[in-house]
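K.L.:
Compute the structure for the input listed below.
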Amino acid sequence: MEYIWKAGNAFLKDLIDAFPDPKPAATTVATLLKRMSDKGFVGYKLYGNSREYFALISKADYFSKHFKGIIKNNFNDSVLQFASFFTTATNLSASQLEDLRKVVDEEIEKKKK
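P.N.:
This next block holds a predicted model:
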């Protein structure tokens, strides 16, 4: 998805060329594009036998969807369990925790309005 967001619109060859060496096989990239298309993340326009791919979902929406899945599948659908794990497992500094608290406090204020 990163390569598609960056390129905007891209053909399979363009996407393969964007990868660092060693380049993945065309069949591997084509399989991933098919899966992303089936999930509604990527669309394409046909030009004869070639397909020009483009994103159907924004980066923020894509990560939000995946993040919610991680919380559901790994933390019993509990944001509190995730937050507890995140704040302890990542070994955040006191300063980072204060910054996180500010973000949470700002969100609380937005929800109250």
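
K.L.:
which one is residue 97 nearest to, not counting chain neighbours?
P.N.:
residue 87 (6.7 Å; CB to CB, 6 or more residues apart in numbering). For every residue, glycine as well, the C-beta is placed using N, CA and C.

K.L.:
Hmm, residue 98 and the one you found touching each other?
P.N.:
No: Residue 87 is not in contact with residue 98 according to CB atoms under 8 Å; the separation is 11.9 Å.

K.L.:
Compare the two (neighbour count), which wins?
P.N.:
residue 87 (13 against 10; other CB atoms under 10 Å).

K.L.:
name the element that one belongs to?
P.N.:
Using DSSP states H and E, residue 87 sits within helix 79-89.

K.L.:
what's the answer for residue 37, then?
P.N.:
Assigned by DSSP H and E, residue 37 falls in helix 26-38.

K.L.:
What is that helix packed up against?
P.N.:
Applying 3 or more CB pairs under 8 Å, 6 or more residues apart in numbering; DSSP states H and E, we find helix 26-38 packed against helix 12-18, strand 42-47.

K.L.:
got the angle for the very next helix or strand once past the shortest one vs helix 26-38?
P.N.:
Translated: strand 42-47. Past strand 42-47, further along toward the C-terminus, the next helix or strand under DSSP H and E is strand 50-55. Relative orientation of strand 50-55 and helix 26-38, computed by axes from the mean of the first three to the mean of the last three CA atoms, to 10 degrees: 50 degrees.

K.L.:
packing partners for strand 50-55?
P.N.:
Applying 3+ CB pairs under 8 Å, 6+ apart, one finds that strand 50-55 contacts helix 2-7, strand 9-11, helix 12-18, strand 42-47.
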